[in-house]
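S.K.: Sequence plus the predicted model coming up.
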Amino acid sequence: MKDIIWKDRKRTIFGLPWSFTKYELTSEKLIIQTGLFNIKQEEIRLYRIMDVTLNRKLSQRIFGVGTIHCCSADKSTPEFDIKSVKKSEAVKELLSDAIEKERSKKRVSSREYMVNEEDVDTEL
């Protein structure tokens with residue numbers, strides 16, 4: 001049995017869940033399922049997610065939803081959105097905490113490379 005932390009559907013007009021996109025977060029992965037007749041299920045391991053950003057347009061704020069944009073190290077899904085979900089700020093924090101917990105558990109560290117302009121050799 002899966003240990004589901006959070007699940008929801010993409011919200012459409014007026015913030016209602018009239019959509020065939022489902023989201024499910026477990027302690028190890030995020031599953032995005034789309035479609036009615038032809039179903040596509042994407043599975044993203046949490047330790048591969050590098051960055052999480054919350055976007056909330058005015059229309060989304062009016063209806064109490066938001067979109068969470070994620071960048072990952074997953075080759076098949078390098079960027080994806082968790083679109084129009086309720087309580088998006090809380091979901092983003094829940095996702096961020098789950099990502100950090102899974103990265104610590106798997107002992108995965110991300111290295112960010114920053115280039116300093118002074119270090120770049122411009123002479124050839």
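M.R.: Structure's in. What do you need?
S.K.: Please identify the buried residues of the helix or strand harbouring residue 84?
M.R.: Using DSSP states H and E, residue 84 sits in strand 79-86. Burial within strand 79-86, assessed by neighbour count using 16 or more other CB atoms under 10 Å, is assigned to 80, 82, 83, 84, 85. C-beta here means a position set from N, CA and C on the backbone, and glycine is covered the same way.
S.K.: right, and the helix or strand after that strand?
M.R.: helix 88-105.
S.K.: Could you give the backbone dihedrals for residue 7?
M.R.: Here is the backbone geometry of residue 7 (degrees, to the nearest 10): phi -150, psi 150.
S.K.: Give the bridge partners for it, please.
M.R.: residue 24 (DSSP bridges).
S.K.: which ones are touching it?
M.R.: Listed by CB atoms under 8 Å, 6 or more residues apart in numbering, the contact set of residue 7 reads 22, 23, 24, 25.
S.K.: Residue 10: neighbouring residues, count only.
M.R.: The local packing of residue 10 (other CB atoms under 10 Å) involves 20 other residues.
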